[in-house]
Structures are given as structure tokens and as C-alpha cells.
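1. Below are the sequence and a predicted model for it; my questions follow.
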Amino acid sequence: MNIIAAGSPSPSRVLVRGGRVLEASGNLHDPRLLDLVIVDGRIVSLDEPEAPSALALDILHHAQASDPDVRVIDARDRLVAPGFINAHYHSYDVLAKGLLENMPFDVWALMSQPAYWGRRSPQELRVRTLIGAIECLKNGITTVQDMSSLVPQDEETLDTILASYAEVGLRVVFSIAVRDIAALDIAPFVAEDAPEMVNSIVQGQPGDARRDLTFVEAQLRRLSSLPDTQHWALSASGPQRCSNELLEGIADLSQRHDLPIFTHVYETPAQLARARSAYPEDGGSLVRRMKRTGLLGPRTTIAHSVWITREEIGLLAEHGTGVVHNPNANLKLKSGIAPLLDLHEAGVNIALGCDNCSCGDTQNIFQAMKLFTLLAGVMDPLPTPIGAAEAFRAATEGGAQAVGLPREVGALSVGMRADLVLIDLSDIAWQPYNSALRQLVYAENGRSVRTVLVEGRVVMEDGRITGLDEAAFRQEVIEVMKTYRRDFDALHARQAPAFPYLLDANRRLAATRIDSGRFVPRAQPK
């Protein structure tokens, strides 16, 4: 595969001058004014503007001589923040943004999951990947973990997606999501007298663990030398959706290739109920099943963990397994509110994700940070340890730990990759300027993001993506959507007969739920 990097060749030396640099170890409310020097994609110094280093002076000298190998970026009136990390995302359903609402998880899945759609054109694959990547960059996200279900599972599909990420320069930690148990999580609660057509939709077609593992390892070998902004990870869709063979195989690949693992765990009450009935040998626990199959460990991060128990949280902490909190998606899909205070108090690493565009609707890390603090805030009437600082950490260093790049991204310090965001402090969100940290989390919405660098390369400047003609791209989107909307309507017609049975299954589940603490209670009768 031949991947072309975004934009023109990047200058080998970059000077970002005079911005308020948000250092994790510094004053997060009133960051220092600093010059940031980048060489070959990494930060080499942070200097006081009044005392520039010899390297900074040399870059200024060469810039005045129009040397193409250097670049000076004026960061006055800018907050310079580490690039944010979207630690849980799926690129396959970006085109469904705004099409679905008020659907419980398993009903939504019938319209969003790629297995129901079948093969899509290379143009559609490119367009959907680019839309998500562009939205990430415009919201200050420089790294995304794309847990991608490849349909079909072939090299052309994979190469098209990776080439699209390279086209705009977003850093991606890419995993091929695999599962060999196709049934929806809610399947045990579907009425026994449901029509065969409905049962066939709900049960799906089982997969082949050996085939999936062989394909994934073949790609790890074929694409062992990816660009600097692309990284491998592994994904089992969920422990309840995978055989022991598949879970053990993913654990083995992670061990042999030293790769992070991502999986969905306890996103919905149906997953909790299914675990308690299907895995008696593991005490009815998905987390204990992960431990038995070798998946529990410091390389693994689970998405959601809404319905996890306190005992299982202890197991995560004991084994160094982290969590990606996806507040927008959890709320929109009626999954509930994760036990954030319990996770934090146990010392579990928490990262933030924006999840699918069909359920979170936007790749906006500012929304995720704000909701993280607000949801934690309604769990205890007294002050909690989850505030703006913890939200910022989850979107940066916590995300870096989750995606397997803890000493590479997520902070602005010497030796780190130069992934950074310049935020315009003249925007009304920053008037008056009182706290960089709190206004970043509570007031900013992405509108003030002006410039984004990934690996020292300017991939967005003045709000415009540098490696793409955005006007021409919008026309591509319009063309692709003509086919997509036609196919969406046809899929809806095919799947709609199953909706009433899945809604009824959710009612059955609600009647047997052991713990209702994950939902906000309704008003008391009196």
C-alpha cells in the first residue's frame, strides 16, 4: 500500500512563538507564555520568549531568509494545548449522523452496524473516513482510536481507510474489530414466538474465529511499516460476542506484537443480564471472562463500563485495565450513566471517547470533557474529585495511556511528538479570561480551534484543513449521500419489522433489572 502524507512536505524545524502553553505540570489556570521548538516532529525545547534558545534564534534567522525547511507560527493570543485524544470511535457509520434518535442500543444497532449494510464503494469508504477525521481535527483531536469493522474483511477496504486518514494527517490508532457470535446482546429477551424473519435478523450469521485471527495477523505483517501517524491496535468487539478461541487469540496477538486491545464491556443492561446467564463458570462476569481468556491486563482498555460492578472495578484496577468513557453515546442510546466516581477512586485509568457519529453525532472532545465532569457531579451532592483537571487529563494523558502512546502524545514536554492545538483566546468563550483550564472544559465548544499540528506538521490552519480542498470535498459528500440515503431507506424497511420485538425485549429486561442505579429516577408519585 502506498500512503501519501497530508499536505506539502513538512518543515523539519518549527517555532511556535509566544503562546500560553498548557503544560500538565504547570499552572493550568494561567499557563506561561512560552516558545515551543519542534525538530523532525518532536518537541525539543520550551523557552521563555525573553530568552530564546540558540535553536529558536536560528529558526527565526532562516525564516527571515524564506528557508522552506523552517516555519514560524505566531501564537500570541493563543492557548497552546496538547492535541486531544478520542480514545473510542468507529468510522464506519459517519454518514448516518443525524439520522437516528430515541432508540435503545439494540434497535440502533440494526441500522448502524456494517454487517447489515454489506460492501460499500471505495469512494464512500474514503468520504466517510475523511468526514470523521476532519471533524476530529476541527475540534482539536489529533489522535483517534478507530475500532473498525471491515465489511468485507479485505485489504482493499483496509487500505482505503488508512489512506484517507493519511490524506488529512490525523493520527490514528487503528484496530480491526472482530466477533464470531453475531446475535444481538438483547437476543435472550426476545419473545419466543417472534417470527422467523425477526429471529434471523436478531441472531445474525456466526463468524469464524480462525479466519479473523489469520486476517488480522496477516495485516499486521503486511503493514508493519506504517507512517509515523498510524499505529496498530487489536479489538474483540465484546467478550459476549466472541468465542474463547477468538478472545484467547486476540490476547496472544497482543502479547506477541505488544499492541493495545480495545473492547466493549457492559455498555447496556442487556450485556450484564446476558453475562449473568451465559457465563456461570466466570461467576456471571464479563470481566472475569476476560481474565480467564487472557484479555485483562495493562494493554487492554474497555469502552463504556456503564453496568460494571464494584468488584469488577477492583479487578480492572488490580490488572491495570483502563476504561474509555463515552458520555454522549451512553446517554443517547439509553445505556445509562457509568460509575465514574467508583472508577476514579479505584485508580482505573479513564480516557474519553466520542463514539459513533450515529449515536454521539459529533467528534467533539469538548462536549465529552464537560459531560464527564457534570455527570460525575450529580453522583454526589458534595464536591467530587472529578472536575476540569481530571477531564483534561482524561482527554490527553489518560487517552494516550489508553491508546498505547503514553510517552509519545497527550502532553507538551520535551521529547514528545509535536501534536498540538492553538486555540484563539479572542473568542467570546474566553472573555473574560479567568482560567485556561476551566474555560477549556466548560466554555469552549471547538469554535476557537484555529491551528492544529500533528507530528509537527500543520494539518489545519486558520480553521481550514491544509491537505484537502474542502469545497470540492463537500460536493463529493453530496454525491455519495444520494446512494447512501437510498440504501439507508431500504435497510430501514428491512429491519423495521424487528423493532417492536426489540422494544418489547427491552421492556422485559427492565422488569428483571437488578440494579437501576445507572438511570436517573423519575419523580416520586407524592
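-> Okay, I see it.
2. May I ask which helix or strand encompasses the spatially most central residue of the chain?
-> For the chain, the residue nearest the mean C-alpha position is H88 (2.5 Å; Cα atoms, centre = their mean). Element membership for H88, per DSSP states H and E: strand 84-89.
3. Neighbouring strands of that strand in the sheet, and parallel or not?
-> strand 141-148 (parallel) (DSSP bridges).
4. isn't I302 right next to H319, touching?
-> No - using Cβ atoms under 8 Å, I302 makes no contact with H319, being 11.2 Å away. Just so you know, the C-beta spots here come from the backbone N, C-alpha and C atoms, and that holds for glycine as well.
5. which one of the two has more residues nearby?
-> I302 (29 against 15; other Cβ atoms under 10 Å).
6. tally of neighbours for the nearest residue to that one once chain neighbours are set aside?
-> Spatial nearest neighbour of I302, excluding adjacent residues (Cβ to Cβ, 6 or more residues apart in numbering): V265 at 4.0 Å. V265 has 29 neighbouring residues, counting by other Cβ under 10 Å.
7. Ramachandran coordinates for V265?
-> Backbone torsions of V265, given as degrees, to the nearest 10, read phi -140, psi 130.
8. Look up how far L28 lies from the nearest residue to D74 once chain neighbours are set aside.
-> In this structure, D74 finds its nearest non-sequential neighbour in R17, 5.8 Å apart by Cβ to Cβ, 6+ apart. Per Cβ to Cβ, to the nearest Å, R17 is found 21 Å from L28.
9. still on that earlier bit, just say helix, strand or coil for the residue nearest to D74.
-> Three-state call for R17 (DSSP: H, G, I helix; E, B strand; the rest coil): strand.
10. ok, back up a step: surely the residue nearest to the centre of the chain meets N356?
-> No - if you go by Cβ under 8 Å, H88 and N356 don't touch, sitting 9.4 Å apart.
11. for stretch 32-51, how far is the first residue from the last?
-> 14 Å (Cα to Cα, to the nearest Å).
12. residues making contact with that stretch?
-> 10, 12-21, 23, 26, 52-53, 55-56, 59, 75, 80, 228, 412-418, 420, 453, 455-457 (Cβ atoms under 8 Å, 6 or more residues apart in numbering).
13. Now the buried members of these.
-> Listed as buried from the contacts of stretch 32-51 are 10, 13-21, 23, 26, 52-53, 55-56, 59, 75, 80, 412, 416-418, 420, 453, 455-457; burial here means 16 or more other Cβ atoms under 10 Å.
14. Counting only helices, which of those residues make the cut?
-> 55-56, 59 (DSSP state H).
15. just to revisit the earlier point, just the ones in strands from the buried ones among the contacts of stretch 32-51, please.
-> 13-21, 80, 420, 453, 457 (DSSP state E).
16. Can you convert those residues into JSON lines and add a column each for distance to P432 and pLDDT?
-> Listed next are these as JSON lines, based on distance: Cβ to Cβ, whole Å; pLDDT from 0 to 100:
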{"residue": "R13", "distance to P432": "36", "pLDDT": "95"}
{"residue": "V14", "distance to P432": "31", "pLDDT": "97"}
{"residue": "L15", "distance to P432": "29", "pLDDT": "97"}
{"residue": "V16", "distance to P432": "25", "pLDDT": "98"}
{"residue": "R17", "distance to P432": "24", "pLDDT": "97"}
{"residue": "G18", "distance to P432": "21", "pLDDT": "97"}
{"residue": "G19", "distance to P432": "19", "pLDDT": "98"}
{"residue": "R20", "distance to P432": "15", "pLDDT": "98"}
{"residue": "V21", "distance to P432": "21", "pLDDT": "98"}
{"residue": "V80", "distance to P432": "20", "pLDDT": "98"}
{"residue": "L420", "distance to P432": "25", "pLDDT": "98"}
{"residue": "L453", "distance to P432": "28", "pLDDT": "98"}
{"residue": "R457", "distance to P432": "34", "pLDDT": "97"}
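17. Turn the residues you listed into CSV, including distance to E156.
-> Formatted as CSV, these follow (distance: Cβ to Cβ, whole Å):
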residue, distance to E156
R13, 38
V14, 36
L15, 41
V16, 39
R17, 44
G18, 47
G19, 42
R20, 45
V21, 43
V80, 40
L420, 34
L453, 31
R457, 27
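18. nearest to W117, of the residues you listed?
-> Set against W117, the nearest of these by Cβ to Cβ is R457 (33.7 Å).
19. Quick check: beta-bridge partners of the closest one?
-> Applying DSSP bridges to R457 yields these beta-bridge partners: V454.
20. Is it in contact with G169, as I believe?
-> Yes - between R457 and G169 there is a contact at 5.9 Å, judged by Cβ under 8 Å.
21. Pull the contacting residues for G314.
-> Residues in contact with G314 (Cβ under 8 Å, 6+ apart) are A346.
22. Now do D77 against W430, distance only.
-> From D77 across to W430, the span is 9 Å (Cβ to Cβ).
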